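Below: sequence and its predicted model.
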Amino acid sequence: MQQPSKIQLEAIMHGEGPARVVAGPGSGKTFTIIQRIFYLIFNRQISPDSILTITYTKAAAGEMQSRFLADERSQCLTKGLGNVAHFGTIHGICYSILKERRGYQASLTSENKRIRIMEELLKNRGFERMCSAGFAAELLSEISRIKNGISFSGKDFGIPQGSLQLLLNDYTAFMNERGLCDFDDLILQSLVLLQENAAYREKWQHRIRYLLVDEFQDVNLTQYELIKLLAGKEKNIFVVGDDDQSIYGFRGSVPGIMKRFSQDYPEEKVLFLTDNYRSGERIVHFATEVVKKNKDRIRKEIHAGKAGGKIKGYCCETRMLEEEKLLDDIRSLDKKELFESAVILRTNREAILYEELLTKHKIPVKRKGKKAQNVFEGEVAEDIRSFLKFCKEGEKRSDFLRFMNKPDRYLSSKALLSERVSRKEILSYYRQNKEMCARIETLFTGLLLAEKLSFSQAVRCFRKQLGYENYLLSKYPGDKAGTMKILDELQEGCRLAERGESVDDFFDKMRKKTPCEEEQTEEGITVLTMHAAKGLEFQSVFLPDLNEGVIPDRKVKEEKELEEERRLLYVAITRAREQLFLYYTGERNRKLTRFLCDISLPWNRP
Ligand SMILES: Nc1ncnc2c1ncn2[C@@H]1O[C@H](COP(=O)(O)OP(=O)(O)OP(=O)(O)O)[C@@H](O)[C@H]1O
């Protein structure tokens, strides 16, 4: 078995009271937490049932639990005491806190459903033109900031500031009236419940005698308040985190939370886990050079536990040369190395494009545990739903607005004079413009036809005859296969509609069918985003597109946000065990990311 280092041992054997472990990447945080749980159970005779470990994601909780159960010491626990330690996310714990309380019946609303609700509320307030899933998601993230007491981000949403507050009120009223709640509500409601109900609070404090928190740097302030309440007067709270890996600012986390803990618990024990067991020395030094430019951080010296580590940087004249060099480098790996390597990108969309590039060049890509998408959820499904509702159920203005300019027909909402859309009215509005009139006639011919067709045939008409398929293909040029797959599955799925069934009922029914997890885990190189790479490690890591505008993202301007972008790059770099490959392009005067500009590294031309 792996032997803990002296400092890890000190953390593992910490007794009572608050402790804060400031750790670097690859320093064995998970290992330390698991060993501490065993220490508490076997050396301090703490009942496993009263130990709770909070992780940031469900996947991390599952991973930690299986590592705990894989240790043979856990076997005698299940046999002997009949209970085990608990692992869960903060949302999971809050759900239990609320559920146990008699009468609590709120049902948790999925992200997709929240987006649909927000779209509806936007329409009700007269913002039809701005209504899209992306815009609704951005507003919801702002609402989340407000609910968590974080100041307004300053983003310009193109709507008056007062309207944002109105939308927040609408959203709260909508959720309350229907007994719905979202992830923020889970935390806020649990917090209020525990604050107001002393007996219930004490019951939970008594139940959780030892609280361990992983990835503490990503906890937001409301979550932190709740964690403090659970820790209660005994304060047996053990938090582990790396402020340099705080990358969830958009969910309200702040790297300063690690410092805040020490203000709230001045009697804390502080320990620094600074030996990196994962990466070769050169990679550790390089990563440190990158992150140390951030001002808002706890200073720490990370030491490499292993010698070596290879870093190669390439400045490519064109995007095409960059892709070719990346492909060549990946091809130079043997099969085993390939399966243990990853290409890491800034955004999801880029990850999809790179996955496609590799597949096109016959490089196997791993799709591990990826959740199959329910095609009846999302933007495309919403467009199709509006189209079907319009054709089959009353030609409503709000439905028409959603699809009328997909593809762009240059139709203005001003041409829609009444709640029920009339072809005549629109034609009369554009009577001076022959081209527009021809376009409108073509659209309405298709709509009239679709009215008489089955759901599935109508979807086909929308795709092919009315140009929706080509519109999507030009919107997502890099994801042709994905777009066609969604459209095919939606069209096929619509065959399941029953005679006389309303469009909304049918879509709701189809949305409830949970898609199964993709069973096979193909062997190949992993392609993922910087956010998703957190907590993972790979033998070789490839980082393409290290250009200004990509990282930092072109929208990011403020110093605080720039520091978070730098941390993202740090997370990506520190995933590499042995080899790190970096690429950027100088095409059309594009520049290397500012985060690497002043770090000495030979940038070779391929
Ligand atoms: N004392 C030790 N001796 C040898 N190897 C160790 C020791 N502690 C941890 N390791 C190894 O170091 C690697 C990193 O550990 P772990 O994944 O727990 O790091 P982490 O701190 O959670 O990393 P990160 O925050 O970067 O995701 C693992 O392969 C682990 O087995």
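Structure received. Since the structure is predicted, the reported quantities are computational estimates derived from the model, not experimental observations. Numbering: from 1, shown residues only.

Residue 328 in helix, strand or coil?
Classification of residue 328 by DSSP: H, G, I helix; E, B strand; the rest coil places it in helix.

Give me the distance between it and the ligand.
29 Å (C-beta to the nearest ligand atom, to the nearest Å). Heads up, the C-betas are built off the backbone N, CA and C, glycines and all.

quick one, what contacts residue 285?
Taking C-beta atoms under 8 Å, 6 or more residues apart in numbering as the criterion, residue 285 is in contact with residue 304.

Around the ligand, which positions in this protein sit nearby?
Contacts of the chain with the ligand, taken as C-beta under 6 Å from any ligand atom, map to 2, 4-5, 8, 23, 25-31, 242, 277-278, 535, 574.

I figured residue 191 hits residue 225, correct?
Yes. Using C-beta atoms under 8 Å, residue 191 is in contact with residue 225, at 5.8 Å.

Provide a list of residue ranges in the stretch 1-150 of the chain with pLDDT below threshold.
Where the stretch 1-150 of the chain drops to pLDDT under 70, the residues are 78-83, 102-107, 129-130, 150.

can you map out the strands along it?
19-23, 51-55, 86-89, 107-108 (DSSP state E, counting those that start in this stretch).

Contact partners for the closest residue to the ligand within the stretch 251-400 of the chain?
Nearest residue of the stretch 251-400 of the chain to the ligand: residue 277, at 3.3 Å (C-beta to the nearest ligand atom). Contacts for residue 277 (C-beta under 8 Å, 6+ apart) come out as 26, 27, 28, 305, 306.

Can you tell me which of the residues you listed has the most neighbours?
residue 27 (27 neighbours; other C-beta atoms under 10 Å).

Give the full set of residues in contact with the residue of the chain found nearest the ligand.
Ranking the residues of the chain by distance to the ligand (C-beta to the nearest ligand atom) places residue 28 first, at 2.8 Å. Each residue near residue 28 by C-beta under 8 Å, 6+ apart is listed here: 4, 5, 8, 273, 275, 277.

Filter these down to just the ones in helices.
residue 8 (DSSP state H).

Now flag whichever of the contacts of residue 28 is closest to residue 412.
Closest approach between these and residue 412, by C-beta to C-beta: residue 273, at 60.7 Å.

wait, doesn't the closest one sit right on residue 8?
Yes. Taking contacts as C-beta under 8 Å, residue 273 lies within contact range of residue 8: 6.5 Å.

hey, what's in contact with both of these two?
28, 32.

Now for residue 379: which residues touch it?
132, 133, 134.

okay if I get the residues you listed as JSON lines plus neighbour count?
Below are the contacts of residue 379 laid out as JSON lines (neighbours: other C-beta atoms under 10 Å):
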{"residue": "132", "neighbour count": "16"}
{"residue": "133", "neighbour count": "19"}
{"residue": "134", "neighbour count": "9"}
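
In helices, which of the residues you listed fall?
Short answer: these in helices (DSSP H) are 133, 134.

Identify, from the contacts of residue 379, the entry nearest to residue 584.
Distances from residue 584 to those, taken by C-beta to C-beta, are shortest for residue 134, at 27.4 Å.

Now the closest one: closest residue in space that isn't a chain neighbour?
Leaving out its chain neighbours, the residue that sits closest to residue 134 by C-beta to C-beta, 6 or more residues apart in numbering is residue 379, at 7.8 Å.

Any chance of the backbone angles for the one you found?
Backbone torsions for residue 379, taken as degrees, to the nearest 10, come to phi -60, psi -40.

What is the longest helix of this protein by residue count?
Per DSSP H, the chain has its longest helix at helix 434-452.

what's the next secondary structure element after it?
helix 455-460 (DSSP states H and E).

any idea of the mean pLDDT for that next one?
In this model, helix 455-460 has an average pLDDT of 94.

Other residues contacting that helix?
384, 387-388, 391-392, 450-451, 487, 490-492, 494-495, 497, 503, 506.

So how do I select the buried members of those residues in PyMOL?
To isolate the buried ones among the contacts of helix 455-460 in PyMOL, judged by 16 or more other C-beta atoms under 10 Å, type:
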select buried, resi 384+387+388+391+392+450+487+490+491+494+497+503+506
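
From the contacts of helix 455-460, pick the one nearest residue 207.
For these, the nearest to residue 207 is residue 506 (44.8 Å; C-beta to C-beta).

In the sheet, which strands lie alongside the lengthiest strand in the chain, parallel or antiparallel?
The single longest strand within the chain, with elements called by DSSP state E, is strand 576-585. Here strand 576-585 is paired, per DSSP bridges, with strand 310-316 (parallel), strand 538-543 (parallel).

most packed of those strands?
Of the strands paired with strand 576-585, the one with the most neighbours on average (mean count of other C-beta atoms under 10 Å) is strand 538-543, at a mean of 23.

Could you identify which of the strands of the stretch 1-150 of the chain is most buried?
strand 19-23 (a mean of 26).

Can you tell me which helices and strands that one packs against?
Judged by 3 or more C-beta pairs under 8 Å, 6 or more residues apart in numbering; DSSP states H and E, strand 19-23 is in contact with helix 29-43, strand 237-241, helix 257-264, strand 269-273.

what do you get if the cut-off is 10 Å, keeping everything else the same?
helix 6-12, helix 29-43, strand 210-213, strand 237-241, helix 257-264, strand 269-273 (3 or more C-beta pairs under 10 Å, 6 or more residues apart in numbering; DSSP states H and E).
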